[in-house]
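> Sharing a model prediction with you, sequence too.
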Amino acid sequence: MDASHPANAEVCLENVIMVLSVFSDRSPFLMLTLFKTMVRSKLEYCCPVWNPHKITDIEAIESVQRNFTRRIRGCQGMDYWDRLKKLNLLSLQRRRERYILIHTRKMNNDLAPNDIKMLFKNSPRHGIKAIVPSLNNASQCSVATHYENSFGVNAAKLWNLLP
């Protein structure tokens, strides 16, 4: 992840260290309030657009929340997924997917601008499905990788997975 990346995990880890050094109370309410306002807001800034696709980037971003929740009172020694369940949180990856689906729904209902010109088709059997934009078969491999990880393709594929 480069230094200009909106969710620079190192910067967010610095915020985590600052929060943990300033506040000695580790109660779930206080810690979650601080995490949501001072850390998660930076991790999720414009997340539908820059949604990471490399496993290392996803793990780096998720490790910030994993490390923070480990320090909350009553969560020490628990598995990450058990901590999320206890604290009523979603993983950051799941939240990004949720934001993408919400924005796609807004584009479908003309509640948000459809700048990428995403097309939808309605079928009586399958409901509303998004049309995945096509890619020129002669494109270079690097272009194909960026295409596969673009918002338009990811949003359409996630949307089409909905029942």
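Cool, the structure landed. Numbers count the residues shown, from 1 in each chain.
> Spatially, what comes nearest to the one residue sitting closest to the centre of the chain if we skip its sequence neighbours?
For the chain, residue 96 is the residue whose C-alpha lies nearest the centre (CA atoms, centre = their mean; 2.3 Å). If the residues on either side of it in the chain are set aside, residue 96 comes closest to residue 47, at 4.6 Å by CB to CB, 6 or more residues apart in numbering. The way it works is simple: take the backbone N, C-alpha and C, and place the C-beta from them, glycine included.
> repeat for residue 63
Spatial nearest neighbour of residue 63, chain neighbours left out: residue 9 (6.9 Å); criterion: CB to CB, 6+ apart.
> what residues are up against that neighbour?
If you count contacts by CB atoms under 8 Å, 6 or more residues apart in numbering, residue 9 has them with 1, 43, 60-61, 63-64.
> Averaged pLDDT, stretch 154-163. What do you get?
Averaged across stretch 154-163, pLDDT comes to 94.
> who's in contact with it?
For stretch 154-163, the external contacting residues (CB under 8 Å, 6+ apart) are 48, 51, 97, 100-101, 103-105, 118, 129-133.
> Buried residues in that stretch, which are they?
Across stretch 154-163, burial judged by 16 or more other CB atoms under 10 Å covers 154-156, 159.
> circling back to that earlier point, what would the contacts of residue 9 look like in JSON lines with distance to residue 83 and secondary structure?
Converted to JSON lines, the contacts of residue 9 look like this (distance: CB to CB, whole Å; DSSP: H, G, I helix; E, B strand; the rest coil):
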{"residue": "1", "distance to residue 83": "24", "secondary structure": "coil"}
{"residue": "43", "distance to residue 83": "17", "secondary structure": "helix"}
{"residue": "60", "distance to residue 83": "18", "secondary structure": "helix"}
{"residue": "61", "distance to residue 83": "16", "secondary structure": "helix"}
{"residue": "63", "distance to residue 83": "13", "secondary structure": "helix"}
{"residue": "64", "distance to residue 83": "14", "secondary structure": "helix"}
